[in-house]
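> Next comes the sequence, and after it the predicted model I'd like to discuss.
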Amino acid sequence: MENTPGLFFSLVPWIVYLPVIGLLLNLTIGSRLGEKGVGIIAACASGLAFGVALLQVYSLNISPEGAAVFVANWIHIDKLNVDWTFRVDTLSATMMMVVSGVGTLIHIYAIGYMHEDVRFKNDVGRYRRFFVFLNLFIAAMMVLVTGNSYMMLFVGWEGVGLCSFLLIGFWYDMDTLGRPSFANSNAAKKAFITNRVGDFGFLLAAFMMFWQFDTTDFNNVFAAVGAAEPWVIIWITVFLLVGVAGKSAQIPLYIWLPDAMAGPTPVSALIHAATMVTAGVYLVTRSAPIYMLSHDAQYIVATVGAVTALFAATIAVGQYDIKKVLAYSTISQLGFMVAAVGMGAYVAGMFHLITHAFFKALLFLSAGSIILGMERGHHHLPHGHGDHGEVFDPGDMRNMGGLSKQMPVTFWVYMIGTIALAGLFPLAGFWSKDEILLDAAKKFPHVYILLTLAAFLTAFYMGRQIWMVFFGKPRHEAAAHAKESPNVMTIPLMVLAGLSVLGGALNLPGVHTLGAWLEHTLPLLPEEEVTGWLAVSWGGLNPYVALLSTIFAVLAIYISWLLYGRKPIVSGQPDPLKKMLGPLFTGMENKWFIDEAYRFVFVERYVDLARFLAQKVDWDFWHEWFHNMVIARGFVGLTRFLADPVDLGIVNNVSKVLADAVQASANSLRKLQNGFVRSYALSVLLGVVAILGYLLLK
Amino acid sequence: MSSELILFFILALTAIATAAGMITSRHAVYAALYLVLNFATVAVFYLMLGSPFIALSQVTVYGGAIMVLFLFVIMLLGAEQIASEFKMKTFLPAILLGAALIVETAVLIFQKVSSVDLQTATSVAEAAPAPLAEKLFTVYLLPFEITSILLLVAMVGAIILTKQPRLVIPGRDTEKKGARG
Amino acid sequence: MIPVNYYLALAAILFTMGAMGVLMRRNSLVIFMSIELMLNAANLTFVAFARMYSTVNATSVYNGQIFVFFVMTVAAAEVAVGLALIVAIFRSKQSIDVDQMNILKG
């Protein structure tokens, strides 16, 4: 199948090879090519990967069943058989397109962004490393989405986790302002370790699959899972959910994502908005045949997703850093997606994944543009680098204001992104979110309620952000002098804005392009029996649900205008919500103290345990008591025993006795040699007498 | 009890007495003289055994040469007596051994050797010197020659052993080695 | 008609007495003389046997006597050398007491 002429399935390994070639080129000769050369190589690698993805889509159009392209043997031990096999079907092709497409745009953007960032942080040599890591990430993500078995998927899973660590901790020795600090490396560690907890769950699921089914290949597992016992299904799905919670930042393992904003903005856009965090959603979608067999599993996953969506939205309301708001927004939107695929609305979930990639990447990149604009403004302040006593944070929204006049292009694309995220007709977010809400209403009503509330809050905090950043008067000198970003950065923004506007066309109700596309790979939800207002359908769109969500969104934006837009806050003024909500707002501001709780319950206790083991067990008991008392003293005692009584006593005495005996015999024999001739003669005569006597007696 | 037997016993007694005298006399000269008497007695024994040549050479060589040499040396050295020579304590092992030796030889002689009567000189022809010389120079020529060399060696050895070392005084003896003694 | 055993017994006694002389005397000259006595006793034995065997074979009497001849010669040579030694020793030690010549004591 894969080598049929006219089809390009056999080219799919190149989607991994091309980014690897790119990173190897940059690694070896990149230092001689200069910044432009490095950026071009990396972007071309990503762009060519997008080309390969296009070829795959083209081939799938012709033959939608897809193909499995075998590349190499990997593990063949007893019953465990894992190969490097690339699976091309409509689902993996969708992911390939999203990752490489959005990835290429972000590569281009990063060329300009990093050019300024390394100069702001005074380390121009690190430019090349960034693009090496970015290409590595693309390669790992491609392995993840094209894997034909859970093991190969896990290789990519781990790879993107590693790249996340490397990229979050890119400025590992300085903070956002260039001062020496461990903040970034701590954030990277936090991401990696939290991810690890998720990976542990994933591995347990994979082990269960191997234990029960003797295989981890998708096809074999899906074929065997129908005959498995219910407890096996439940445990596999729950363990997979743990992995999803780690990678896609759901409760309780979402804590790493806000801290991951310490990385450069292109990283936040690519990894923590568009691609890596969606790996969990992809995983659940891919495992659809397993989830479809257990209603309880679906319930758990959907509920976790919905609760996360609402929880994160509440925190986003109280944040002041522009990227932190977007981070919590990401967590919230991921909650939407996880809830969708958990319920079984795979098409809705994937649709939202694609549209979210567009507008969230757009928002992040624009935020990066804003931050750089603030930095430019700060740099050009009349008094040089600003007061040395004051610490200037370019991402703090309380320092911004009136940027719509200073940075118009960024302002317009940001508006488009916000409207898309808030889910207003007719931008992309409206269609995808709406489908999720509809499916939720049909299947799990409590999920529907939670998601609706989360959508309300989403519109509210995005509105708050818009008023605070772009309207009113600048609250800081730097904002007043902010400058627009160069074309290399704004052009990708405009492309993404266009996609955010038109992205809804992917799966318009009634046409369901994406649905038909994915149908070849995914089992469709059986249609729920619904009655009443839920059953109304204008070609798949339920007007009541759509209307309700639109009303909520508009209402939220209006409230945010009342609070932040009508009377723009001035510098030094506390947030208006503080007076209104009081302690609730304190909780929102401080992320509901979850990080502190984790630190107290897990980290501190772990440190205590480590200290206990190190001090009491290892040092006091093992070293002091056991080694010193038992081993050292015992050994010394033994050696003393052997040395004194045995060696000195016995051995010495034995040799002494022997020597004395020899000496005594020698002394006695010496008396024969007394020098007197007569005694010698006596001995001779004695001998004669003896011999004679012997001869006589014989 | 024939006369020969009586003669034999008298001579035997004399021999033993002189031997005893030799080994017990404190004076070295007396001991030498006793020994001479012993040699003479043994010479008579040789005569009784029919060997006149041997008897006379015994007297000549032993008594005339050897004992004279002994006496010369005794008088040369002037060492006639040694104080506290006889200590009974040290004699005990020697006396015991001597007794053991006599007992053993007695057993040997009287039990192992068949007693054949020896004829006296009168009934058997005496051993004449001529056949003896003939035997000496024909059959036993080689030991004879070797013995002569032995005598030569002994003579040279005796001279060398008693040679006194020369004193070489530097300054006085340059070309000619001035000898003293 | 004297049995040869008597001669042998006499020779044995003389030999033993010579041996006693060697063991008991300290004067080196007397020791030397005792050795001569022992040699003499051996000569007597030779002659007695020669005479004994002459009854068997007429000419065999000479064998023993020639042996005695040689023994006497050797004894003479030995005395010469031995006395020379004693003189040489006397020169350095000024004594002929054998008990004083114990430098080889070990």
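That came through, no problem.

> and the closest residue to residue A:27 other than its chain neighbours, what does it touch?
Counting by C-beta to C-beta, 6 or more residues apart in numbering or on different chains, residue A:132 is the residue found nearest to residue A:27 once chain neighbours are left out, at 5.5 Å. The C-beta positions use only the backbone N, C-alpha and C, and glycine is treated the same way. Residue A:132 is in contact with A:23, A:26-27, A:30, A:42, counting by C-beta atoms under 8 Å, 6 or more residues apart in numbering or on different chains.

> Was I right to think residue C:101 contacts residue A:675?
Yes - between residue C:101 and residue A:675 a contact is recorded at 7.4 Å, counting by C-beta atoms under 8 Å.

> Could you pull out the strands in chain A for me?
Secondary structure of chain A (DSSP state E): strands located at A:67-77, A:80-88.

> Now do the SS call for the most centrally placed residue in chain C.
What sits nearest the mean C-alpha location of chain C, by C-alpha atoms, centre = their mean, is residue C:39, with 2.1 Å. Three-state assignment for residue C:39 (DSSP: H, G, I helix; E, B strand; the rest coil): helix.

> isn't it right up against residue C:75?
Yes - Residue C:39 lies in contact with residue C:75 (C-beta under 8 Å); the separation is 5.1 Å.

> which among the contacts of residue A:132 end up buried?
A:23, A:26, A:30, A:42 (16 or more other C-beta atoms under 10 Å in any protein chain shown).

> who touches the third one in this structure?
Translated: residue A:30. Counted by C-beta under 8 Å, 6+ apart, residue A:30 has contacts A:37-38, A:41, A:128, A:131-132.

> Tell me the spacing between it and chain B.
101 Å (C-beta to the nearest C-beta, to the nearest Å).

> any idea how far that residue lies from residue A:201?
Here the distance between residue A:30 and residue A:201 works out to 37 Å (C-beta to C-beta, to the nearest Å).

> Equivalent analysis for residue C:8, please.
Taking C-beta to C-beta, one finds residue C:8 at 124 Å from residue A:201.

> so what's the residue of the stretch 401-550 of chain A found nearest chain B closest to, chain neighbours aside?
Sorted by distance to chain B under C-beta to the nearest C-beta, the residues of the stretch 401-550 of chain A start with residue A:488, at 117.4 Å. Take residue A:488 and drop its neighbours on the chain: the residue closest to it by C-beta to C-beta, 6+ apart is residue A:112, 3.7 Å away.

> thought that neighbour was touching residue A:491?
No - with contact defined as C-beta under 8 Å, residue A:112 does not count as touching residue A:491 (9.4 Å).

> Any chance you could list what contacts stretch A:472-482?
A:370, A:373-378, A:380-381, A:386, A:392, A:394, A:398-403, A:406-407, A:568-571.

> could you flag which of these are buried?
Buried among the contacts of stretch A:472-482 (16+ other C-beta under 10 Å): A:370, A:373-378, A:381, A:386, A:392, A:394, A:398-403, A:406-407, A:569.

> Now find how far off-centre stretch B:48-63 is within its chain.
Centroid separation for stretch B:48-63 versus its chain: 12 Å, with C-alpha atoms, centre = their mean, to the nearest Å.

> Give the burial count for residue C:50, as a bare number.
23 (other C-beta atoms under 10 Å in any protein chain shown).

> Repeat that for residue B:167.
So residue B:167, with other C-beta under 10 Å, has 11 neighbours.

> repeat for the one 3 residues further on
When counting by other C-beta under 10 Å, one arrives at 6 neighbours for residue B:170.

> Where does confidence bottom out across the contacts of residue A:132?
Ranked by pLDDT, the contacts of residue A:132 bottom out at residue A:30, which has 82.

> Look up how far chain C lies from that one.
From residue A:30 over to chain C (counting by C-beta to the nearest C-beta), the distance is 94 Å.

> For residue A:165, see how far away that residue is.
21 Å.

> Which residues are in contact with the residue most central in space within chain A?
Central residue of chain A (C-alpha atoms, centre = their mean): residue A:161, 3.9 Å from the mean position. Contact analysis of residue A:161 by C-beta under 8 Å, 6+ apart lists A:191-192, A:195-196, A:199, A:247, A:276.

> show me what contacts the residue nearest to residue A:488?
Here residue A:112 is in contact with A:485-486, A:488-489 (C-beta under 8 Å, 6+ apart).

> biggest separation within the residues you listed, which pair?
With distances taken as C-beta to C-beta, the most widely separated pair in these is A:485 and A:488, at 8.4 Å.

> These two - which one has more neighbours?
Between residue A:485 and residue A:488, counted using other C-beta under 10 Å, residue A:485 has the larger neighbour count: 24 against 15.

> Got the confidence number for the more buried one?
81.

> Next: residue B:88.
The model's pLDDT for residue B:88 equals 65.

> again with residue A:385
At residue A:385, pLDDT is 51.

> What does residue A:569 show for phi and psi?
Note on residue A:569: backbone dihedrals following degrees, to the nearest 10 are phi -70, psi 150.

> ok, it touching residue A:579?
No - Residue A:569 is beyond contact range of residue A:579, at 12.0 Å (criterion: C-beta under 8 Å).

> and the residue most central in space within chain B, what does it touch?
Geometric centre of chain B, nearest residue: residue B:62, 5.5 Å, by C-alpha atoms, centre = their mean. Taking C-beta under 8 Å, 6+ apart, we find residue B:62 in contact with B:39, C:36, C:40, C:72, C:75.

> Closest one to chain A out of these, please.
residue C:36 (15.0 Å).

> what's the helix or strand for the closest one?
helix C:28-54 (DSSP states H and E).

> ranges for the strands of chain C?
C:2-3.

> near chain A, which residues of it?
Applying C-beta under 8 Å from any C-beta of the partner chain, we find that chain C lies next to chain A at C:19, C:22-24, C:26, C:98-99, C:101-106.

> Could you pick out the buried ones from the residues you listed?
C:19, C:22-24, C:26, C:98-99, C:101.

> Residue A:97: which of those is nearest?
residue C:101 (125.0 Å).

> phi, psi of that closest one?
phi -100, psi 70.

> and it, what is it in contact with?
With C-beta under 8 Å, 6+ apart, residue C:101 has these contacts: A:675, A:677, C:89, C:93.
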